[in-house]
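S.K.: Predicted model follows, preceded by the sequence.
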Amino acid sequence: MPIEKDFNPRDMEMCPHGNFPTTCKSCFSKGEAVIPTTERAKPLVELDKSFVEKMEKDLEKLDKTPAEELKFLPSYEIDSNIGKLRVDVVQYVIDSGKWSERAGYKFLVKNEGGQIVGTHGVGIYPPDDRGISSVSSDIQIGQKGKGLAIPDNLIVIDALQRISNKQNNILRWQITNVNRENLDEKKADLKNGRNLDDEAILADPEIQSLEIEQKRWLAVYGKGGKLGLDRGKKFQPVPSSEPDLEMIDTIVLKRIEDPKTHVVSSEVVSQTLVTDQAIVLERRQNELKQLILANRRGATK
């Protein structure tokens, strides 16, 4: 059975000004991002430049969103090839109008040093006539070839099942092979724009990089892939005795692998429950401000 324990804000490490981290007004007035000393000691890792550009835009959008429109799902922790990952989940409205309102969820994947090394955007549309909500997603990984997509997706899968349970609604997650589209588009550009033959196209460095990414994508999401998704997954609401999402601070997941199929899934190791929602909300808001501030200062590059 998962271990459930209460979150105590007094367990947090003190900041240099003698206050609790993420709630120190002195730190924010001076433009300082308060990071526990155990995280500050870890060196920053080099990230893919295109990832950094997209991640900065994501954080900028969140920064411009009014605080009252942001909500927070439980944070997650899970082991990975680069150590323990902590994933913060921010909920907001992607777009709204007369006919639809799409709920957005931004999964911010951080390494043990507190550096964002991946993001995963998820959008959930209103139910259709059959009572099914379509789910779109966009995963961005800053450290290629480190196997971060699998733990990231295990967290997204757990979160989507909990959202389905909470809303008592069927979710259909359809995963689009954007990399395949980019690969085909790049090949067409080289063939038509530069009149290159097939051999020259395959020798192009960008094409070779996209081909490698395509193999990785199929190994994770394709038929027979590690997640057993076959490019999508349907989430049916199931009766659950789990606490409401608002009452969970942190969920710790453990990766498990089927010895026969080698398909990976996850199980809950522990959950930290919230005793004071106002304190936790303030902490999460300030943590997000810190991430945005650290990004502006170029700490993620």
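M.R.: Noted; the coordinates are in hand. Quick caveat: nothing in here was measured; it's all calculated off a predicted structure. Numbering: from 1, shown residues only.
S.K.: okay, CA-based contacts and neighbour counts for the rest of this
M.R.: OK.
S.K.: For residue 137, which non-adjacent residue is spatially closest?
M.R.: Distances taken as Cα to Cα, 6 or more residues apart in numbering put residue 122 closest to residue 137, at 4.4 Å, once the chain neighbours are dropped.
S.K.: Where does that neighbour fall, secondary structure wise?
M.R.: Using DSSP states H and E, residue 122 maps to strand 116-124.
S.K.: chain center to that strand, what's the gap?
M.R.: Put simply, strand 116-124 sits 4 Å off its chain's centre (Cα atoms, centre = their mean, to the nearest Å).
S.K.: That one: partners in the sheet, and parallel or antiparallel?
M.R.: Here strand 116-124 has these sheet partners by DSSP bridges: strand 101-110 (antiparallel), strand 132-141 (antiparallel).
S.K.: one step back: ok, now which ones touch the residue nearest to residue 137?
M.R.: Listed by Cα atoms under 8 Å, 6 or more residues apart in numbering, the contact set of residue 122 reads 104-107, 135-138.
S.K.: what does residue 224 give?
M.R.: Residue 224 neighbours (Cα under 8 Å, 6+ apart): residue 230.
S.K.: any weak-confidence spans in the stretch 101-250 of the chain?
M.R.: Within the stretch 101-250 of the chain, the segments meeting pLDDT under 70 span 101.
S.K.: which residues in it form strands?
M.R.: Counting by DSSP state E, counting those that start in this stretch, residue ranges of the strands within the stretch 101-250 of the chain are 101-110, 116-124, 132-141, 170-174, 232-235, 248-257.
S.K.: elements contacting the fourth one?
M.R.: Yep, that's strand 170-174 we're talking about. Taking 3 or more Cα pairs under 8 Å, 6 or more residues apart in numbering; DSSP states H and E as contact, the helices and strands that strand 170-174 lies on are strand 132-141, helix 149-167, strand 232-235.
S.K.: Same check on the fifth one?
M.R.: Secondary-structure packing of strand 232-235 (3+ Cα pairs under 8 Å, 6+ apart): helix 149-167, strand 170-174.
S.K.: Deepest-packed of those, please.
M.R.: Most buried of those, by mean neighbour count (mean count of other Cα atoms under 10 Å): strand 170-174, with a mean of 21.
S.K.: that older thread, got TSV for the strands paired with strand 116-124, with distance to residue 163 and mean neighbour count too?
M.R.: Formatted as TSV, the strands paired with strand 116-124 follow (distance: least, Cα to Cα, whole Å; neighbours: other Cα atoms under 10 Å):
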stretch	distance to residue 163	mean neighbour count
strand 101-110	11	21
strand 132-141	11	18
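S.K.: can those strands go into CSV with extra columns for distance to residue 250?
M.R.: Compiled in CSV, those are given as follows (distance: least, Cα to Cα, whole Å):
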stretch, distance to residue 250
strand 101-110, 14
strand 132-141, 22
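S.K.: Between those strands, which one is closest to residue 249.
M.R.: Closest to residue 249 of these is strand 101-110 (Cα to Cα; 14.9 Å).
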